[in-house]
Structure formats: structure tokens, C-alpha cells
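Chemist: I would like to see how this sequence folds:
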Amino acid sequence: MDLKSKHAAPVLTDPVPINKSRLSIHSSILPYSPPTVAYPSVLYSMTPRKKPIPGKRDDVRATSWLDSMKCSSPRKMLSKDSNNESPLAENDAVYCSWLLKYPSALTSFEHITSYAKGKKIALFLDYDGTLSPIVNDPDSAFMSDAMRDAVRDVADYFPTAIISGRCRDKVYEFVGLTQLYYAGSHGMDIMGPVTNSVLVNDHPNCIRSTDKQGKEVNNLFQPASEFIPMIDEVFRSLVENTKGIKGANVENNKFCVSVHYRLVDQNNWSTIAQCVHDIIKEYPRLRLTHGRKVLEVRPVINWDKGKAVEFLLESLGLSHSNDVLPIYIGDDRTDEDAFKVLREQNRGYGILVSSVPKESNASYSLRDPTEVMEFLKSLVRWKKTSAV
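Modeler: Numbering: from 1, shown residues only. Down below sits the predicted model:
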């Protein structure tokens, strides 16, 4: 069967706001319906091009695409210049003003823990930019041993999950802790240990994985498994059609494809955007979202990191309890879906990791992975003290 469908254009915008109703574990995935075209004024040939033609900036709606690509990676703080003026001080003043709206989770730690008294904390963590620094090579985004120890310690006291846009296997390889829950591909590939999880139940998208001896080792939840052949096809096309763009890096995350342009000259961003556009316009069941210097091609299903948080809470038996405090820590636009769920349900805290001011659905902030590690250590110290 042809994986492509040329009767409709793809969605090139972020998903619509998720429904506020509680996630039902047996009906969380909505059936596919043709997406709304985000740019109805643009007409496309019914005959697909075999190769993208770079340079047609109007085809990719240059303003919105390139603006989104620039906004997804805000500039870092500046240092002092040669005239002894201090842009850093000016930026710090702006950042301090921003902290009035998104106070530091470290300086607000007592407020957070006072609300957590008598509640069970469930912790959700992004990986890149949260547990590890953002690096030029995605395959080199290693977390420090100190951070791994902090995550291990916090997981001893609280149910802990890592929710990443990365392939789940890659995140597990980076972290290497068996007591955690792992959700890769923005929550479309969730794994939890059999001994601690009720992930399977009767859900058609849940399976149990076994080791070579046939022993059940993990529960898996994969709501977009039907898209794997399509994602593989798009990945191969993107690799082929971006190989001439210096610095482009295409990553297959199993249920989504990430096109990294961190090392691409900004003058070529429109070219790489055009390549992505010309390929995914033939796949109306796929959509494009923006991350930190990355374009991500994902299935059009009602699923994101916010849905993953709800699913994990329900799997852990924590979704119907008033004595649970979910905390989600992340740095990227895709983490906003999780922040929004916690804010709208008024049941937990989102913590944005950012060294520059930006709007967010989070309640608190941390500057960088170093402060994330300190926050995790503080949680462990607080739990040990409160248990005495």
C-alpha cells in the first residue's frame, strides 16, 4: 500500500490545544481524520517532485518558517564588549524581571515543598537541555556522572520518568538507569518496568517485551506503531535530500524524524526548510513542529508530552488521587504541552529550564542543567528530612 497520499497538504503547525478532559487509558488515541490545511491559499501540483527544488522560499512561507526556526533557539547572554559596556548586565536585568513571572524553583523551593506536604511527588524530566547540555552533535549529548547520580537518587524516592523527543532506546543508552520510566518520540514510545507498572492492562497499543530467556522485562506503550514504515520512508528521503547541506543532521527517532540545523549556516536555513517541506507535503498524516534548532516530523495523532504525562500518571495509579503532585522539568517547546496540562488541571508544577526570558506555561524556572541537578538533590534532602 502506498504510504503517501497526495490529495491533501500536510499540517505545518503545532498541534491544536489538547482536550481538557481526563485521559481514558482505553480511548486515548483518536481515530485519524484528514488534517486542516494550515495554508489553504497555496496550491500544489498533484504530481510530486522526485527531488526538492531549493530556493523557493515562498513555498515554505518564508516568514513564518524562518521566524519559527530563529525563535526556537534564542540567543545566549552576551559578555562585555570592548567599550566596557555590559550587555550581560542589561540581559540579567531583563532576566530578573522575567523571574517575577517565572520564579526560580530553587529560591521558591520551600513554597513548592510546603504544597507537597502530604502528597506523593511524581517527577517527569526532559533530557536534552535539562539533564544534559545542548551540544552541536546530538550523539554526544552525554549527561554527567553527577547528574546520573542525582537522577538515580531522586528515583529512589519518587516515581520518575524521562520524556524526550529522542528515540527511547537512545535516551536509555544515555541514562542507563533501570528504575525509571522512559518515553521517547515525545511520548509515543513509553517503557516501564513490569514489576512497578500497570502499563499493559487491556490497551491495544500496550505490549510486554521479553528478554532472550522469555522473561518479561518491560511494558511498552506505542500509540503510533502504524506510522513506523512511513517514518522510515521519510527519514531515508530526508537523508538523501539534505546530504548536500553542510551541517544538516537527520535523526530517526522511530516515531518521528528530527532534522537538526544547529550546524547549518543561517543563510541555508530556507534551503533545509524547503527540503523538509517538499518531502512531507506528500504525507498528510504527518506534521512538522519546531524545537531548539531542529525541525521535527511527527504523526498527526492526538498525542504529545502532555498526553504522555497523563498516561503515565494513570499507569502508576496516580491520576485519580488528590494527594499527588506532578512536577515536570523541561526546556523545549514540546515540553509546553506537559506544562499546559499541569497548569490547566491545577494539579502540579511545570519548571522551564532557560537562561533567557521566554513565554511559557510553566510555573517556575531553572537556568540550566546545573540548577536542575541542584533541584533534584534538594528534593532528595527534603524527602530524607521530612521522613525523619
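Chemist: mind listing what's buried in stretch 123-135?
Modeler: By neighbour count on 16 or more other CB atoms under 10 Å, the buried set for stretch 123-135 is 123-134. Where you see a C-beta, it was placed from the backbone N, CA and C, and this is true even at glycine.
Chemist: typed the wrong thing, it's stretch 295-315
Modeler: 295-301, 303-315.
Chemist: Likewise for stretch 265-272?
Modeler: 268-272.
Chemist: Just give me the closest of the residues you listed to residue 385.
Modeler: residue 269 (49.7 Å; CB to CB).
Chemist: quick one: which helix or strand includes the residue nearest to that closest one when sequence neighbours are not counted?
Modeler: Excluding the flanking residues, the one nearest residue 269 by CB to CB, 6 or more residues apart in numbering is residue 69, at 5.5 Å. For residue 69, the enclosing helix or strand under DSSP states H and E is helix 62-71.
Chemist: next one: residue 190
Modeler: Assigned by DSSP H and E, residue 190 falls in strand 189-193.
Chemist: Please apply the same query to residue 309.
Modeler: Using DSSP H and E, residue 309 falls in helix 305-315.
Chemist: can you give me the helices in the protein?
Modeler: Remark: helices assigned in the chain by DSSP state H are 62-71, 87-98, 109-116, 145-157, 168-175, 228-242, 269-280, 305-315, 336-345, 369-387.
Chemist: low-scoring stretches of this structure, by residue?
Modeler: 1-63, 65-67, 70, 72-90, 193-219, 387-388 (pLDDT under 70).
Chemist: Outline the domain layout of it.
Modeler: 90-195+208-220+303-386, 227-299 (the TED database).
Chemist: what about the last one, start to end distance?
Modeler: With CA to CA, to the nearest Å applied, domain 227-299 spans 7 Å between its terminal residues.
Chemist: what does stretch 294-307 give?
Modeler: 22 Å.
Chemist: Please state the offset of that stretch from the chain centre?
Modeler: 9 Å (CA atoms, centre = their mean, to the nearest Å).
Chemist: Next: stretch 111-127.
Modeler: For stretch 111-127, the distance to the chain centre is 20 Å (CA atoms, centre = their mean).
Chemist: C-alpha coordinates for that stretch, CSV please?
Modeler: Extracted in CSV, the C-alpha atoms of stretch 111-127 (Å, rounded to 0.1, in the frame of the first residue of the first chain):
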residue,chain,number,x,y,z
HIS,A,111,7.0,27.1,48.7
ILE,A,112,7.0,24.1,46.4
THR,A,113,7.7,21.6,49.2
SER,A,114,5.1,23.2,51.5
TYR,A,115,2.5,22.5,48.9
ALA,A,116,3.9,19.0,48.5
LYS,A,117,3.4,18.0,52.2
GLY,A,118,1.1,15.1,52.4
LYS,A,119,1.3,14.5,48.7
LYS,A,120,3.2,12.0,46.5
ILE,A,121,5.5,13.7,44.1
ALA,A,122,5.7,12.2,40.6
LEU,A,123,8.7,13.6,38.6
PHE,A,124,8.9,14.0,34.8
LEU,A,125,12.1,15.1,33.1
ASP,A,126,13.1,16.1,29.6
TYR,A,127,16.6,15.0,28.6
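Chemist: In it, which residues are buried?
Modeler: So stretch 111-127, judged by 16+ other CB under 10 Å, has buried residues 112-113, 116, 119, 121-127.
Chemist: how about stretch 362-371: buried residues?
Modeler: 362-366, 369, 371.
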